[in-house]
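Undergrad: I would like to see how this sequence folds:
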Amino acid sequence: MLVAAAVAPSAPLLVPDVAAGAAPELDALRTACSAAVSVLAAARPDRLVVIGPADEDGRGPHLQGATGSFRGFGVDREVRLGAGVDTPGRQLPPSLAVGAWLLEWTGWAAAPVEGFGVGEPLAADRCAQVGRELAAGRERTALLVMGDGSACRTLKAPGYLDERAAGFDAQAARALGAADTAALLALDEKLARELQAAGRAPWQVLAGAGEGVGLGGELLYDEAPYGVGYSVATWS
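TA: Next up, the predicted model:
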């Protein structure tokens, strides 16, 4: 049973070591993310699942104690998914590594943690099914959903400027802030791919988990620094 969810960007720039000199520019975003994690803790879940986009090697479940790093972004920094457990195995994909860092940074100790990597091509109906499966059963489950909006909001954005990007991000932010599962499932998969919106599939997993639960939403942050849409929201 889903009792709470938080949505945060999956961008490694959230990690100050990675952002380096630009780190202060994202202080407001980090503050919003910290507030979102606090909502998860207040729900007193039995388990927390961190969900984020992943390539083929990182898809599927990741156990508590799995490790990741930011070496691919030029920073010799390791993170662990959850505290007190050392689980050998495959590395966390970058999105889950960012989630692990966020939990470490906020001092998460409210419940055991696991991860789940979602492939970008996964269709909306399959995403919803994954969400239903993750939230099934009597356990009080919370989700930390990592994912970015479009990467095409400005000329200097990673995907250059696309006039459709602002509308897509606004639609997604409204749905996330309203805990509107139907609106999230209606996000256009093809358009999301063209706009490099890595959050589409994880958000639709959240939609499946939240169907019929009746949680209320709140949008804590909705900006596009560096031309990429970043949203922070809570469901509780």
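
Undergrad: Tell me where the protein has helices.
TA: 16-19, 27-42, 94-105, 124-135, 165-178, 181-185, 189-194, 200-210 (DSSP state H).

Undergrad: Give me the pLDDT value at the residue lying closest to residue 106 once chain neighbours are set aside.
TA: Closest residue to residue 106 apart from its sequence neighbours, by C-beta to C-beta, 6 or more residues apart in numbering: residue 37 at 4.5 Å. Just so you know, the C-beta spots here come from the backbone N, C-alpha and C atoms, and that holds for glycine as well. At residue 37, the pLDDT value in this model is 98.

Undergrad: isn't residue 37 right up against residue 144?
TA: Yes - counting by C-beta atoms under 8 Å, residue 37 touches residue 144, with 7.1 Å between them.

Undergrad: Can you dump the C-alpha atoms of stretch 182-191 in PDB for me?
TA: Written as PDB, here are the backbone C-alpha positions of stretch 182-191 (Å, rounded to 0.1, in the frame of the first residue of the first chain):
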ATOM      1  CA  ALA A 182      -4.500   9.800 -14.900                       C
ATOM      2  CA  ALA A 183      -2.700  12.900 -16.200                       C
ATOM      3  CA  LEU A 184       0.600  11.300 -15.500                       C
ATOM      4  CA  LEU A 185      -0.300   8.200 -17.500                       C
ATOM      5  CA  ALA A 186      -1.500  10.500 -20.300                       C
ATOM      6  CA  LEU A 187       2.000  12.000 -20.800                       C
ATOM      7  CA  ASP A 188       3.000  11.500 -24.400                       C
ATOM      8  CA  GLU A 189       5.800   8.900 -24.600                       C
ATOM      9  CA  LYS A 190       7.100   9.900 -28.000                       C
ATOM     10  CA  LEU A 191       7.200  13.500 -27.100                       C
END
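
Undergrad: Could I get the buried residue list for it?
TA: Residues of stretch 182-191 classed as buried by neighbour count (16 or more other C-beta atoms under 10 Å): 184-185, 187, 189, 191.

Undergrad: burial count for the nearest residue to residue 38 once chain neighbours are set aside?
TA: Excluding its sequence neighbours, the residue lying closest to residue 38 (C-beta to C-beta, 6+ apart) is residue 106, at 7.5 Å. Counted with other C-beta atoms under 10 Å, the neighbours of residue 106 add up to 17.

Undergrad: go on, residue 33?
TA: Neighbour number of residue 33 under other C-beta under 10 Å is 27.

Undergrad: For it, which non-adjacent residue is spatially closest?
TA: Sequence neighbours aside, residue 8 is the residue nearest to residue 33 in space, at 4.7 Å (criterion: C-beta to C-beta, 6+ apart).

Undergrad: For the one you found, which residues count as its bridge partners?
TA: residue 146 (DSSP bridges).

Undergrad: Same question for residue 221.
TA: residue 232.

Undergrad: quick one, what contacts the residue sitting furthest away from the middle of the chain?
TA: Relative to the C-alpha centroid of the chain, counting by C-alpha atoms, centre = their mean, residue 155 is the outermost residue, at 25.0 Å. The contact partners of residue 155, by C-beta atoms under 8 Å, 6 or more residues apart in numbering, come to 161, 227.
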